[in-house]
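In: Okay, predicted coordinates and the sequence, questions at the end:
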Amino acid sequence: MFNDIHIGPLTLHMYGLMIAVGFIAALLLCIHRGKKRGLSEDAFYGIFVCALLGGIVGSKVLFWIVSIPQIIENPSIILDFRNGFVVYGGIIGGIVASWIYLRVKKQNFLDYFDVVMPSVALAQGFGRLGCFFAGCCYGRETDGPFCIVFTHSDFAPNNVPLIPTQLMSSAGDFLIALFLVWFASRNPKKGRVGALYLILYGCGRFVIEFFRGDPRGAVGALSTSQLISLVIVAAGLVLFFLFPKRAQAAEAKAALDEPQNDQDGEKE
């Protein structure tokens with residue numbers, strides 16, 4: 001594929017364009033769904049800014065962690081801010097930054113968590129299309145009919161039939177987004193939509209790693225991303241059952257505190 005599309009004097013970098021389209025689409029979907037739930041539109045803008053910054057930091061830090069052996073051999077890797085980002089670090093960093101932001105704003109994290117995570121999957125779907133145009137995150141060589149041949153990629157081997165893992169990942173992310181939006185419409189308990197994202201994305205990423213052909217770290221028989229996927233899925237399963245209990249306990253506490261507050265008001 002071609003990452004740079006020339007339209008007269010204008011050059012479109014498709015990877016960056018897809019990232020921007022995904023970001024905007026995710027924000028619009030959040031605002032649209034959030035309004036139906038009476039959530040603050042301004043809070044979503046704040047969440048996206050914090051998630052973007054937290055995601056950049058998190059993806060870079062995780063890259064440094066999984067690249068410790070290479071960094072020991074070549075410390076200059078730390079100073080390369082053009083490359084070397086791990087998606088899982090971005091997800092974790094974005095969630096943590098958003099949680100901190102909502103705590104400061106005294107907003108309920110789970111309400112926004114459930115609205116935002118389907119949009120994250122949507123943004124990732126567009127991001128993987130960007131990977132497809134750029135040729136990064138490419139698949140293994142194949143002699144099957146389901147393949148893609150790059151001719152102008154700076155990342156993937158050119159003129160070699162490869163498994164189109166980017167398109168597979170993109171399709172999976174879009175399907176996760178659609179499923180989560182549908183699941184949310186069933187009015188599940190608080191926190192379960194967001195937790196289900198962790199489960200579904202983790203499972204999908206674990207499977208897709210078997211078809212990847214680009215250089216990646218490994219831990220025994222698993223790639224680094226597969227090992228992190230197992231942790232993410234386990235965390236998602238725990239949170240799927242834990243979040244509703246915590247939300248119920250918080251609502252019960254608020255209900256008990258309310259009569260006490262009313263009595264205090266009457267005394268005054």
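Out: Sure, I can see it.
In: Low-confidence regions, the stretch 51-200 of the chain specifically.
Out: With pLDDT under 70 as the threshold, the stretch 51-200 of the chain has low-confidence stretches at 80-84.
In: where along it do the helices fall?
Out: 68-73, 87-104, 109-134, 165-185, 192-208 (DSSP state H, counting those that start in this stretch).
In: Switch those over to TSV; also include distance to H13 and mean neighbour count.
Out: Every residue, glycine included, has its C-beta placed from N, CA and C. As requested, those are arranged in TSV below (distance: least, CB to CB, whole Å; neighbours: other CB atoms under 10 Å):
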stretch	distance to H13	mean neighbour count
helix 68-73	27	11
helix 87-104	19	20
helix 109-134	9	24
helix 165-185	16	19
helix 192-208	24	22
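In: Which one of those lies nearest to G54?
Out: For these, the distance to G54 is smallest for helix 87-104, at 2.6 Å, taking CB to CB.
In: Output the contacting helices and strands for the closest one.
Out: helix 41-66, helix 109-134, helix 224-267 (3 or more CB pairs under 8 Å, 6 or more residues apart in numbering; DSSP states H and E).
In: Most tightly packed of the ones you listed?
Out: Sort the helices and strands packed on helix 87-104 by mean neighbour count, taking mean count of other CB atoms under 10 Å, and helix 109-134 sits at the top with a mean of 24.
In: Distance from it to the middle of the chain?
Out: On the basis of CA atoms, centre = their mean, to the nearest Å, helix 109-134 sits 5 Å off its chain's mean C-alpha point.
In: Ok, stretch 208-226 next?
Out: 18 Å.
In: Look at that stretch and report the distance between its end residues.
Out: End-to-end distance of stretch 208-226 (CA to CA, to the nearest Å): 9 Å.
In: For that stretch, give me every contacting residue.
Out: Residues from elsewhere that reach stretch 208-226 (CB atoms under 8 Å, 6 or more residues apart in numbering): 66-67, 86-88, 136-141, 155-156, 162-163, 165, 168-169, 172, 205-206, 227, 229-230.
In: go on, stretch 29-38?
Out: Contacting residues not belonging to stretch 29-38 are listed as 40-41, 43-44, 47-48, 111-112, 115-116, 118-119, 122, 181, 184 [CB under 8 Å, 6+ apart].
In: for stretch 133-144, same thing?
Out: Contacts for stretch 133-144 (CB under 8 Å, 6+ apart): 1-3, 14-15, 18, 128, 131, 148, 150, 153-157, 160-166, 168-169, 211-214.
In: Buried among these? Need that as a selection in PyMOL.
Out: The buried residues among those can be selected in PyMOL (16 or more other CB atoms under 10 Å) with this line:
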select buried, resi 1+3+14+15+18+128+131+148+150+153+156+161+162+163+164+165+166+168+169+211+212+213+214
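In: From K245, how far out is I100?
Out: According to CB to CB, to the nearest Å, I100 stands 23 Å off from K245.
In: closest to A25 out of the helices of the stretch 51-200 of the chain?
Out: Per CB to CB, nearest to A25 of the helices of the stretch 51-200 of the chain: helix 109-134, 5.7 Å.
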